[in-house]
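Trainee: Okay, sequence plus prediction incoming.
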Amino acid sequence: FPLGRLSVVTGVSGSGKSTLARDVLHANMSVRTSKQSRRKAPQWVGCDRIDGSEAIARVLEVDQTPIGKTPRSCPATYVGFWDDVRKLFAGTTDAKVRGYGPGRFSFNTAGGRCEACEGQGVQTIEMSFLPDVKVLCDVCGGRRFNAETLAVTWRDRSVGDVLAMCVDDAVGFFEAHPKVHHALTLLQDVGLGYLTLGQPSPTLSGGEAQRIKLVTELARLRPGREGTAQTLYVLDEPTVGLHMADVEKLVRVLHRLVDAGNTVVVIEHNLDVIAEADWIVDLGPEGGSGGGRVVAAGPPEQLAAAPRESHTSLVLSEFLAERGPR
């Protein structure tokens, strides 16, 4: 796997893709990058050694698991720009006169939040012999805050109004505030402009949650020198459940991570992603006992030029012939 590049692990089902990328590469590098292991020689598992591991400072697996289990978690808090929004409201004249600090505009602590729903915007009704039902809070109407907090406005909007904004609208609203605007633009770039800033995490799909995690990473990135790999990202079939248009946006995000000097390794069957890789590691030739070997490795064009080497080479050759060069 070349450092500072987008690599895709391919092969038929059962050929050993997850074993290589997750159980060997990710597991070993997670141990290698821990503070305790940096002080002693690494004990590799499933391999003799991993050359170049010292170039990786951090390892992260980006999957489609939820970004939060309660309605209090939302895109604004997960990506990390809600603290800046709270400071904006705390800096208004109304807030200063009333003695409100940034904590007043947090729906995770008592004081400014709606206590009827404890800042969740919804109330849970327990049903006998049936799953619990969540309904909109009848006190705050889903706005998460009490009336006193909602009385403070910034640019004629309350903190509840801001949470109800979709990303597309919020981009223009926060245009003068670079840090917030940058994070919102990233959400827009990955096709999540329709989400509201306060949308409860449990209502997000797996694909939406994964792209929010990638946006969080992009928001913290600083472009690195070419060939420098600060973080190793491992993704296991990120295109599952995504529309073709979303796949295209996902690929652009992965390239942005690489452009910042990071290394990205993706397990994937989707040919649109495979064709966009800088490097392919193809396992096989078959699944189960007939797999577990690297049958081909190289750029997509190289594998496509030898269609008899593996199943992936054959279908990739046909795909690139139809699509044309990048």
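Mentor: Alright, I've got the coordinates.

Trainee: those strands in the stretch 101-250 of the chain, which residues are they?
Mentor: With DSSP state E, counting those that start in this stretch as the criterion, the stretch 101-250 of the chain has strands at 122-125, 133-136, 153-154, 157-158, 231-236.

Trainee: Can you say which of those is nearest to R308?
Mentor: Closest to R308 of the strands of the stretch 101-250 of the chain is strand 231-236 (Cβ to Cβ; 28.4 Å). (Glycine included, C-beta is placed from N, CA and C.)

Trainee: hey, which of the strands of the stretch 101-250 of the chain is tucked in deepest?
Mentor: Ranked by mean neighbour count under mean count of other Cβ atoms under 10 Å, the strands of the stretch 101-250 of the chain are led by strand 231-236, which reaches a mean of 22.

Trainee: Note down every partner strand of that one and its orientation.
Mentor: Counting by DSSP bridges, the strands paired with strand 231-236 are strand 58-61 (parallel), strand 263-267 (parallel).

Trainee: circling back to that earlier point, of the strands of the stretch 101-250 of the chain, which approaches I67 most closely?
Mentor: Nearest of these (Cβ to Cβ): strand 231-236, 15.3 Å.

Trainee: what does the closest one contact?
Mentor: With Cβ atoms under 8 Å, 6 or more residues apart in numbering as the test, strand 231-236 has contacts from 18, 21-22, 25-26, 29, 56-63, 210, 217, 254, 257, 262-268.

Trainee: cool, and stretch 104-111?
Mentor: Stretch 104-111 is contacted by residues 72, 85-86, 89-90, 95, 103, 112-114, 119-121, 144-145, 149, 152, 159 when judged by Cβ under 8 Å, 6+ apart.

Trainee: Contacts only, for S7.
Mentor: S7 makes contact with 1, 263-266, 277-281, according to Cβ under 8 Å, 6+ apart.

Trainee: Then it would be within a helix, right?
Mentor: No - counting by DSSP: H, G, I helix; E, B strand; the rest coil, one finds S7 to be strand, located in no helix.

Trainee: which residues pair with it across the strands?
Mentor: According to DSSP bridges, the partner residues bridging S7 are V265, W279.

Trainee: the helices in the stretch 201-326 of the chain, which residues?
Mentor: Taking DSSP state H, counting those that start in this stretch, the helices of the stretch 201-326 of the chain run over residues 206-220, 244-259, 271-275, 300-304, 311-323.

Trainee: want to throw those helices into CSV with distance to G287, mean neighbour count and mean pLDDT?
Mentor: CSV is the format used below for the helices of the stretch 201-326 of the chain (distance: least, Cβ to Cβ, whole Å; neighbours: other Cβ atoms under 10 Å; pLDDT from 0 to 100):
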stretch, distance to G287, mean neighbour count, mean pLDDT
helix 206-220, 25, 20, 91
helix 244-259, 24, 17, 92
helix 271-275, 18, 19, 96
helix 300-304, 19, 20, 95
helix 311-323, 10, 17, 93
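
Trainee: Tell me the buried residues within the contacts of stretch 104-111.
Mentor: The neighbour count (16 or more other Cβ atoms under 10 Å) marks 72, 85-86, 89-90, 95, 112-114, 119-121, 144-145, 149, 152, 159 as buried among the contacts of stretch 104-111.

Trainee: Among those residues, name the ones in helices.
Mentor: 85-86, 89-90, 95, 149, 159 (DSSP state H).
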